[in-house]
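Q: got a predicted structure here, sequence first:
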Amino acid sequence: MPLLVLLALLLAIPASGQTDALAAASRLIDQQQYAEALKILVEYADKNPKDASAQFNLGLVHSLMLSDSKAVLFYRRALELQPGLTEAEWNLAQVYFRQKQYSDALPLLSSVVEKKPKDARPLLLLADCNLSVGRYAEAEQAYRRASELDYTGTEALIGLGRSRQLQKKGREAAEAFAIAAQRAPNDRSILAELGAAYEQANMTAEAIGVYRGMLNDPAARARLGVLLMDAGQIQESIEHLEYAHGLDPSPANKLVLGLAYLKNKKPGASLPLVEEALKASPDSLALRMLYGRILRDLKRYEEAALEFQKVVNAKVDHGEGWSELAGMLLVLKRFEPALVALERLKELQGENAAYFYFRATALDATKQSKLALESYQKFLSLSKDQNPDEEFKARQRIRVLQKVLGK
C-alpha cells in the first residue's frame, strides 16, 4: 500500500537503546526486509508494551506484508495507547478500505481530514468510502474539496463526476469530467465517462462529439452508432456499428447492429446476427423481441408469434411483448387469443386508440357486432384525425354494423 506511512517521530522514547532499536527497524522497513524488521519490533514491543510507536510500526510491517488482520490489531493497540494518533488512523483506515470495511474506515478518515484539511489524499479516500457505502452527496463534497486542493491531477475530478452521476446530476457530472479530460487529453477512459455523462444529461450532440473523437475505441463507436440511430441517421450509424461489431462481436453489439439493419429495412441482414446472439444469450428478452420483429418483417408470422409468446411467458408484464403478440395473432386471424392478449395489454398500459381499434377488428371478425360497434366508436373519439386510414375504415364498419343491428 503506497500511501502507508512510517511513524517519523518516535514518540517520546528517552533511552537511546530503545531509539536505536526502532531506527534499525525503520531502516529495514525502508529496505523491504520486513521479516528482519518484525523480529526487532516484536522483541522491542515485548519489553515496551506501552510504547505506541512500537505497536504502530508492527502494524505497518504487517500491512506491508499484506497480513491485514494482524495490522488492524497493532494499529488499534497504538490508538489505544495514544488516542488520535494521526498516522495510525490513516494507515488503519487504508487497511479497512482494502478489506472493504468502509464503515469502519469512515470515522478514522474524518478524524484525519479534520487534522489535515489541506491534504488531498485522506479527502480522496474519505470520498471513496462514502461513495462505496452509497453516501453520494457526502462523497461529492469530499471530492470537490480534494479537487480544489489537487490542482493538476484528475482523480478527484473523476470521483466528483461519478458521485454526481449517481445522484442523476448528469450536466454537473459532465462539467467535472470535461475538466479532467482537459488535464489528461489522452486518457480515453475519462472521455468515455464524459460521453456517458452527456448522455445522462440528454446532451446528445455533445455526447456524439465526444465519441467522434474516439473512433478507434469499439465501445465508443458502438455508442456513437446507437445515438446516430436514435437521431435517425441510420446509414452512418450502421457504419459505426459494423466497425464495433467487427472488433467486438458481443451479443450487445449484434443486438444494436441488427436493430439498425431492421430500421434500414434490411431484416434479412439482421436475421443471422440476432440468431447468433440468441444462441449466446437465450434469456435476453431484448434479443428475442428483436428476433420476433425481424421474423414479422420477413412475413414469417407463425414464427414471430411464437417468439413474442416466449417473451410474455418469461415476463408476464412485458407490454411490448403483448402488443406484438396481439398484432401477430390478428394477422394470423386467431381472434379469440388476440382478444385475450389485448385485454392483458389494457391491464398493463390502459386504454388508448390503438387498443380500441384492434379490439374492434377482432370483435367484428368474430361477429360480436354490438361490442365491435362500441369499440369502433370509442376509437374514433380518441383518435381524432391522428390515424386517418384506420378512422376511414372504422366509419365504414360502423355504418355496416349499425345496419346489422337495426340502428
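A: Everything's here; your move.
Q: what pLDDT is listed against the spatially most central residue of the chain?
A: Centroid-nearest residue in the chain: Leu166, 9.2 Å away (criterion: Cα atoms, centre = their mean). With respect to pLDDT, Leu166 has a value of 96.
Q: same check, this time on Gln18
A: pLDDT at Gln18 comes out at 57.
Q: now do the same for Gln386: helix, strand or coil?
A: Here Gln386 is recorded as coil under DSSP: H, G, I helix; E, B strand; the rest coil.
Q: which residues touch Gln32?
A: Leu64 (Cβ atoms under 8 Å, 6 or more residues apart in numbering). No exception for glycine: its C-beta is placed from N, CA and C like everyone else's.
Q: just the buried residues of the worst-scoring helix or strand of the chain on mean pLDDT, please?
A: Every helix and strand of the chain was ranked by mean pLDDT, DSSP states H and E. The lowest is helix 16-30, at a mean of 77. The neighbour-count check on helix 16-30 (16 or more other Cβ atoms under 10 Å) flags Gln18, Ala21, Leu22, Ala25, Ser26, Leu28, Ile29 as buried.
Q: count the neighbours of Glu236 for me.
A: 13 (other Cβ atoms under 10 Å).
Q: quick check: the gap between it and Asp217.
A: 17 Å (Cβ to Cβ, to the nearest Å).
Q: now do Pro282
A: Applying Cβ to Cβ to Pro282 and Asp217 gives a distance of 29 Å.
Q: just the CA trace of stretch 195-214, in CSV.
A: Listed next in CSV are the C-alpha coordinates belonging to stretch 195-214 (Å, rounded to 0.1, in the frame of the first residue of the first chain):
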residue,chain,number,x,y,z
GLY,A,195,-19.7,10.9,-23.1
ALA,A,196,-21.8,8.9,-20.7
ALA,A,197,-22.4,12.0,-18.5
TYR,A,198,-23.5,13.9,-21.6
GLU,A,199,-25.9,11.1,-22.4
GLN,A,200,-27.4,11.1,-18.9
ALA,A,201,-27.9,14.9,-19.2
ASN,A,202,-29.7,14.4,-22.6
MET,A,203,-26.9,16.4,-24.2
THR,A,204,-26.8,14.2,-27.2
ALA,A,205,-25.0,16.4,-29.6
GLU,A,206,-22.2,16.8,-27.0
ALA,A,207,-22.0,13.1,-26.5
ILE,A,208,-21.8,12.5,-30.2
GLY,A,209,-19.0,15.0,-30.4
VAL,A,210,-17.0,13.1,-27.7
TYR,A,211,-17.5,9.8,-29.3
ARG,A,212,-16.5,11.1,-32.7
GLY,A,213,-13.1,11.8,-31.2
MET,A,214,-12.8,8.1,-30.1
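Q: can you give me how far that stretch is from the chain middle?
A: 16 Å (Cα atoms, centre = their mean, to the nearest Å).
Q: what of stretch 154-164?
A: 16 Å.
Q: and if you look at stretch 63-73?
A: Using Cα atoms, centre = their mean, the offset of stretch 63-73 from its chain centre is 33 Å.
Q: any idea of the pLDDT on Pro14?
A: Note on Pro14: pLDDT of 40.
Q: from Asp297, how far out is the spatially closest residue to Tyr291 that is not a sequence neighbour?
A: Excluding its sequence neighbours, the residue lying closest to Tyr291 (Cβ to Cβ, 6 or more residues apart in numbering) is Val274, at 4.8 Å. According to Cβ to Cβ, Val274 and Asp297 sit 12 Å apart.
Q: same deal with Lys393?
A: In terms of Cβ to Cβ, Lys393 sits 23 Å off from Asp297.
Q: with Ser250 instead?
A: Taking Cβ to Cβ, one finds Ser250 at 24 Å from Asp297.
Q: residue ranges with poor pLDDT in the protein?
A: Low-confidence segments of the chain (pLDDT under 70): 1-19, 407.
Q: neighbour count winner among Pro282 and Asp217?
A: Taking other Cβ under 10 Å, Pro282 and Asp217 do not tie; Asp217 has more neighbours (19 against 10).
Q: find the nearest non-adjacent residue to that one, please.
A: Arg188 (5.9 Å).
Q: surely the one you found touches Met214?
A: Yes: using Cβ atoms under 8 Å, Arg188 is in contact with Met214, at 6.1 Å.
Q: need the overlap of contacts for these two.
A: Ala220.
Q: related to what we said a few turns ago, could you find the closest non-adjacent residue to the residue nearest to the centre of the chain?
A: According to Cβ to Cβ, 6+ apart, the nearest residue to Leu166 is Tyr136 (4.6 Å).
Q: so what's the residue count around that neighbour?
A: By other Cβ under 10 Å, neighbour count at Tyr136 equals 18.
Q: that one and Gly159, how far apart?
A: 11 Å.
Q: rewinding a little: so which of Val274 and Asp297 has more stuff around it?
A: Between Val274 and Asp297, counted using other Cβ under 10 Å, the more crowded position is Val274 (28 against 16).
Q: having no further points to raise, I will conclude here.
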